[in-house]
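Asks: here is my input, please return the structure:
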Amino acid sequence: QVHLVESGGGLVQAGDSLRLSCATSGRTFRPYAVGWFRQAPGKEREFVASIGWSDGATNYADSVKGRFTISRDNAKNTVHLQMNSLKPEDTAVYYCSAHQGSIWRYWGQGTRVTVSS
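Replies: Next up, the predicted model:
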């Protein structure tokens, strides 16, 4: 069984930074990638960023390129999302997910990020 637990959310002002963390656990945790998604009130969940578990290749949504950085600590099975220059439109619940078996199979419970103007 794989578990993902997000942390680091909070209430900040526009222009501030936050660092989200995704702690993973599972005896045979070897995903293809780990990613971050977000869901704003009244909107669908959207992709934010991902990182390949083996090769470290990263992908970002256009809306966060240059502001967010995803990284991983394989020894600790942890993935981070450094979010800089936050905007009110970044307000959402952020979810961590593990890609395995061709789908985003495992999901955390989410951590809320609120950016005030």
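Asks: against residue 89, how distant is residue 74?
Replies: Distance, residue 74 to residue 89, using CB to CB, to the nearest Å: 32 Å. All C-beta atoms are positioned from the backbone trio N, CA, C, and that covers glycine.
Asks: and what of residue 62?
Replies: Going from residue 62 to residue 89 by CB to CB gives 13 Å.
Asks: these two: which is more packed in?
Replies: Taking other CB atoms under 10 Å, residue 62 and residue 89 do not tie; residue 89 has more neighbours (11 against 6).
Asks: list the contacts of the more buried one.
Replies: 40, 63, 115 (CB atoms under 8 Å, 6 or more residues apart in numbering).
Asks: now the residues you listed in TSV, with distance to residue 56, neighbour count and pLDDT?
Replies: Output for those, formatted as TSV (distance: CB to CB, whole Å; neighbours: other CB atoms under 10 Å; pLDDT from 0 to 100):
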residue	distance to residue 56	neighbour count	pLDDT
40	28	14	97
63	22	14	97
115	28	20	98
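Asks: what's the closest of those residues to residue 95?
Replies: Nearest to residue 95 out of the contacts of residue 89 is residue 40 (CB to CB; 12.0 Å).
Asks: quick one: the closest one and residue 94 touch, right?
Replies: No - counting by CB atoms under 8 Å, residue 94 is not a contact partner of residue 40; they are 10.3 Å apart.
Asks: which element is the residue nearest the centre of the chain on?
Replies: Central residue of the chain (CA atoms, centre = their mean): residue 36, 2.7 Å from the mean position. Secondary-structure element containing residue 36, defined by DSSP states H and E: strand 33-39.
Asks: so what strands line up beside that strand?
Replies: strand 46-52 (antiparallel), strand 92-100 (antiparallel) (DSSP bridges).
Asks: go through those strands and name the closest to residue 15.
Replies: So among the strands paired with strand 33-39, strand 92-100 is nearest, using CB to CB, at 17.3 Å.
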